[in-house]
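K.L.:
When you get a sec, could you give me coordinates for this:
(one chain, ligands or ions: 2)
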Amino acid sequence: MSGKETPGTGTVDTATKKVFVKTYGCQMNVYDSQRMTDALAADGYCATDVIEDADLVLLNTCHIREKAAEKVYSELGRIRQLKEERAKDGRETLIGVSGCVAQAEGREILRRAPAVDLVIGPQTYHRLPAVVKRARGGEKIVETEYAIEDKFAHLPHPEGRIVRSRGVTAFLTVQEGCDKFCTFCVVPYTRGAEVSRPVSQIVAEAERLAASGVREVTLLGQNVNAWHGEGADGREWGLGELLFRLAEIPGIDRLRYTTSHPRDMDDALIAAHRDLDKLMPYLHLPVQAGSDRILKAMNRRHTAKEYLRLIERIRAARPDIAMSGDFIVGFPGETEEDFAETMRLVRAVGYAQAFSFKYSPRPGTPGADMADHVPEAVKGERLQRLQALLTEQQRDFARSLVGTEIDLLLEKPGREAGQLVGRSPWLQPVIVDDAAGRIGDIVKVRITRAGPNSLFADPVGEIGAPGCAEATKGVYV
Ligand code: SAM
Ligand code: SF4
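P.N.:
Numbering: from 1, shown residues only. Ligands and ions are numbered 1, 2, ... in the order given. Here you go, the predicted model:
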């Protein structure tokens, strides 16, 4: 990580270079931002949380709902001012846009925001260091062609100390893209066709995470349970088999995955929920709507009844599983009766957590051209009713845990001194006294209270007695 920058020689003094990455959107973008930071680290860039210090500002964007692009353009306006300020002090600042807005808008970004130096799509970010180098030479670059080479095979592995600094939980993308073409969704256009990473690559990455102290891995994919690949036994594996393999890695004590499509919940995956203690009893399984007419218009390829039947089978396999989901209200043509069916489905399932959105027409998707768009005010009012019900269910689920003993993975210090925050098996934040153990420990706690967004707990038994932190390091299950 040394060398002096001499324009024209190609030698770059990157030792003092800093990159600031702002991430929008889902966990997959969080993972991508980390991998881009890793790629740049191998080229001598250190990550910074202070945008004013950054030689490279990268916006890793999301395009899933309306106004995403507009938000990015207004942020770019602010960053342009920063670039001008730094230029007055003789400091160069590169501005980059990556992610799905980069993929969707491409060259338009350079036209509307000329201060931007590089635009790079989600499939090509392994080329980021080379692109940055060219941009530093004064070139404006748009790199949004889908790469032929395997991006993941070309990305450097982060150093152990970097992995450790990110905590005891980690994301691991196993699948990208989507072939489902739900009529509301831009993902098949911005992320491209479904691609699964090979087993050996995933296992190696999980082993590296475990070696650096990661105890919980969440497998990611736009359609994660569509993952498939050739297993160690030469057979075609699905996500269920992959989870069994990952559970064998010493040090990995908790596994999760997101986001799943109901059509891809196969028997092996349901069996994994039944047989694999390390697989947490929490499943994010979006349904989007409860009306078959709307599900058909959305091209979801399942009915409400099929979804409910699927949940019955999953619950029969794993009775303590908590369900989570995504909902869209106000899809074109949605009547009050269609919406009532969504409310009925929510009551029938009983969600521990859920995300709900007003339908946002995305240019280029079939939904945007459908007739009978629902007025914004109606969408807003339906969303309020749905969210009130989902919030009530979330609160009821949290309250049902008061008095029970659970295993808690301690993740980070709490907001207040003397506190630690961990995650329950059902992904809820749980606050405990820091005498409960040390970050990375899985400890037994008793839930004492349910707040609006987190649970509160006391350590159980001897674990966590004051002054015992050293002795309590380890697993308590
Ligand atoms: N692959 C997942 C699935 O099959 O449900 C969803 C991925 S998408 C990134 C996350 C969520 O954003 C979706 O489940 C949906 O609820 C929401 N979403 C996607 N497109 C939307 C749109 N045009 N308007 C509103 N919400 C949308
Ligand atoms: Fe989008 Fe998910 Fe449908 Fe794929 S399955 S098109 S990612 S909502």
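
K.L.:
Now do the same contact list for L242.
P.N.:
Each residue near L242 by Cβ atoms under 8 Å, 6 or more residues apart in numbering is listed here: 174, 199, 202, 219, 227, 229, 231. C-beta coordinates here come from the backbone N, C-alpha and C atoms, glycine included.

K.L.:
Restricted to strands, list these.
P.N.:
Under the assignment DSSP state E, the contacts of L242 contribute 219, 229 to strands.

K.L.:
Could you dump the contacts of L242 into TSV with neighbour count and distance to E70 added?
P.N.:
Formatted as TSV, the entries for the contacts of L242 read as follows, by neighbours: other Cβ atoms under 10 Å; distance: Cβ to Cβ, whole Å:
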residue	neighbour count	distance to E70
V174	24	32
V199	20	41
I202	23	36
L219	22	32
W227	28	34
G229	19	39
G231	15	45
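
K.L.:
Taking the contacts of L242 together, which two end up most distant?
P.N.:
The largest separation in those, counting by Cβ to Cβ, is between L219 and G231 at 15.3 Å.

K.L.:
Please give the element, helix or strand, for the one residue in the stretch 301-450 of the chain that gets nearest to ligand 1.
P.N.:
Distances between the stretch 301-450 of the chain and ligand 1 by Cβ to the nearest ligand atom are smallest at D326, namely 3.3 Å. Assignment of secondary structure by DSSP states H and E places D326 within strand 322-329.

K.L.:
anything in that strand near ligand 2?
P.N.:
No - legend: contact between strand 322-329 and ligand 2 by Cβ under 6 Å from any ligand atom is lacking; minimum distance shown is 8.0 Å.

K.L.:
For that strand, give me every contacting residue.
P.N.:
Counting contacts by Cβ under 8 Å, 6+ apart, the residues outside strand 322-329 that touch it are 184, 259, 281-289, 298, 311, 339, 342, 346, 349-359, 379, 382-383, 386, 390, 397, 426-427.

K.L.:
Let's see which of the residues you listed end up in strands.
P.N.:
Checking these against DSSP E, those in strands are 282-284, 353-358.

K.L.:
Dump the one helix or strand I79 maps to to PDB, restricted to CA.
P.N.:
I79 is part of helix 68-88 when elements are defined by DSSP H and E. Extracted in PDB, the C-alpha atoms of helix 68-88 (Å, rounded to 0.1, in the frame of the first residue of the first chain):
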ATOM      1  CA  ALA A  68     -35.000   6.500  -5.400                       C
ATOM      2  CA  ALA A  69     -33.300   8.100  -8.400                       C
ATOM      3  CA  GLU A  70     -34.400  11.600  -7.400                       C
ATOM      4  CA  LYS A  71     -33.000  11.100  -3.900                       C
ATOM      5  CA  VAL A  72     -29.700  10.100  -5.400                       C
ATOM      6  CA  TYR A  73     -29.600  13.200  -7.700                       C
ATOM      7  CA  SER A  74     -30.300  15.600  -4.800                       C
ATOM      8  CA  GLU A  75     -27.600  13.800  -2.800                       C
ATOM      9  CA  LEU A  76     -25.200  14.200  -5.700                       C
ATOM     10  CA  GLY A  77     -26.000  18.000  -5.700                       C
ATOM     11  CA  ARG A  78     -24.800  18.200  -2.100                       C
ATOM     12  CA  ILE A  79     -21.700  16.100  -2.800                       C
ATOM     13  CA  ARG A  80     -20.800  18.300  -5.800                       C
ATOM     14  CA  GLN A  81     -20.600  21.300  -3.400                       C
ATOM     15  CA  LEU A  82     -18.200  19.200  -1.200                       C
ATOM     16  CA  LYS A  83     -16.100  18.400  -4.300                       C
ATOM     17  CA  GLU A  84     -15.900  22.100  -5.100                       C
ATOM     18  CA  GLU A  85     -14.900  23.000  -1.500                       C
ATOM     19  CA  ARG A  86     -12.200  20.400  -1.500                       C
ATOM     20  CA  ALA A  87     -10.900  21.500  -4.900                       C
ATOM     21  CA  LYS A  88     -10.400  25.000  -3.500                       C
END
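
K.L.:
Can you tell me who the residue of the stretch 301-450 of the chain closest to ligand 1 pairs with across the strands?
P.N.:
Each beta-bridge partner of D326 is listed here, defined by DSSP bridges: F355.

K.L.:
pLDDT-wise, which helix or strand of the chain ranks last?
P.N.:
helix 151-154 (a mean of 88; mean pLDDT, DSSP states H and E).

K.L.:
Tell me how far it lies from the chain's centre.
P.N.:
19 Å (Cα atoms, centre = their mean, to the nearest Å).

K.L.:
Moving along the chain from it, name the first helix or strand you hit.
P.N.:
Going down the chain from helix 151-154, the next helix or strand is helix 160-165, by DSSP H and E.
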